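S.K.: Attaching a predicted model along with its sequence, questions to come.
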Amino acid sequence: MASSVVGHAVVNKLRHALLTGEIGAGVRLSYSKLAEQFGVSRIPVRDAMQALVAEGLVVMLDGIPYSRRLSILELQELYELRMAVEPTLTQMAVPQIGRAEIIQMTGHYETMSETTDVVEWLEANANFHATMYHRANRPMTIAHIDQLRKLADRYLYLHLAVIGNVEHLQEEHAAILEAAKTGDGPGLYALTRTHLETSHEFIVRYLLANDEVSS
């Protein structure tokens, strides 16, 4: 049990470092240095690395782990895939969204409104949307979306912590929440698609202007 807790903690710390840019993109990751940094043996670090490879945040090149690079082409593909799936999944979930889901979504919305912690915001954002997705009863699709979201969160972090001007995100969340309350399936489809499109636009413009990534 103790080793499982340690391993989980190391995964979370590494994920946080990769997500926030504390560990930059394209950086070689040293098992021994990370083990020393986290005060653990190499084993939980190696296990954590495997978990993050599965999530797509770490890539192995000739057996050596590196943090995944940022790429405008990757960003484009991530959002194209998400826009092809998430609006439809949201609309499918509408008949099964009840009072419990609305209460949960409202709580996540309030967290996003109140927190100044970007990682906490990202988690609340993921839970806000996942609350609806799970009601569509499409577990394989949901697992796929979760994978895409984890990769996209590195870019969304830039939107929140670096670019700023994120008031529109909460305005869009408020509209999505209201459509869920009223059971407006077509409205949720359109709002979810617009929500993804606007974030994509903001991030691409920033990356192009600041030459942050490869094309």
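M.R.: Sure, I can see it.
S.K.: which residue lies farthest from the center of this protein?
M.R.: Seen from the C-alpha centroid of the chain, the residue lying at the greatest distance (C-alpha atoms, centre = their mean) is Ser41, 28.5 Å away.
S.K.: Could you count how many residues lie near the closest residue to that one other than its chain neighbours?
M.R.: Nearest residue to Ser41, sequence neighbours excluded (C-beta to C-beta, 6 or more residues apart in numbering): Ala35, at 6.0 Å. (Glycine included, C-beta is placed from N, CA and C.) For Ala35, the count of nearby residues is 17 (other C-beta atoms under 10 Å).
S.K.: what's the longest helix along the chain packed up against?
M.R.: As assigned by DSSP state H, the longest helix anywhere in the chain is helix 185-210. Applying 3 or more C-beta pairs under 8 Å, 6 or more residues apart in numbering; DSSP states H and E, one finds that helix 185-210 contacts helix 72-93, helix 139-157, helix 167-182.
S.K.: try it again with 6 Å
M.R.: Helices and strands touching helix 185-210, by 3 or more C-beta pairs under 6 Å, 6 or more residues apart in numbering; DSSP states H and E, are helix 72-93, helix 167-182.
S.K.: quick check: mean pLDDT across it?
M.R.: For helix 185-210, the mean pLDDT works out to 90.
S.K.: any low-confidence regions in the protein?
M.R.: 1-4, 161-165, 211-215 (pLDDT under 70).
S.K.: and the gap between Tyr157 and Arg193?
M.R.: In this view, Tyr157 and Arg193 are 22 Å apart by C-beta to C-beta, to the nearest Å.
S.K.: nearest to Arg99, of the helices and strands packed on helix 185-210?
M.R.: Between Arg99 and these, the shortest gap by C-beta to C-beta is with helix 167-182, which sits at 9.6 Å.
S.K.: Report the distance from that closest one to the chain centre.
M.R.: 18 Å (C-alpha atoms, centre = their mean, to the nearest Å).
S.K.: got the contact list for it?
M.R.: 97, 102, 105, 109, 187-188, 191, 195 (C-beta atoms under 6 Å, 6 or more residues apart in numbering).
S.K.: which of the residues you listed sit farthest apart?
M.R.: Farthest pair in those (C-beta to C-beta) is Ile102 and His195. Separation: 17.9 Å.
S.K.: if we can go back for a sec, adding mean neighbour count and distance to Val204, write the helices and strands packed on helix 185-210 out as a markdown table.
M.R.: Formatted as a markdown table, the helices and strands packed on helix 185-210 follow (neighbours: other C-beta atoms under 10 Å; distance: least, C-beta to C-beta, whole Å):
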| stretch | mean neighbour count | distance to Val204 |
| --- | --- | --- |
| helix 72-93 | 18 | 7 |
| helix 167-182 | 16 | 15 |
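S.K.: quick one, which of Ile102 and His195 is more surrounded?
M.R.: Neighbour totals were compared for Ile102 and His195, and His195 leads with 22 against 15 (other C-beta under 10 Å).
S.K.: Report the contact partners of the more buried one.
M.R.: With C-beta under 6 Å, 6+ apart, His195 has these contacts: Glu172.
S.K.: now with 10 Å?
M.R.: His195 makes contact with 83, 86-87, 90, 129, 168-169, 171-173, 175-176, according to C-beta atoms under 10 Å, 6 or more residues apart in numbering.
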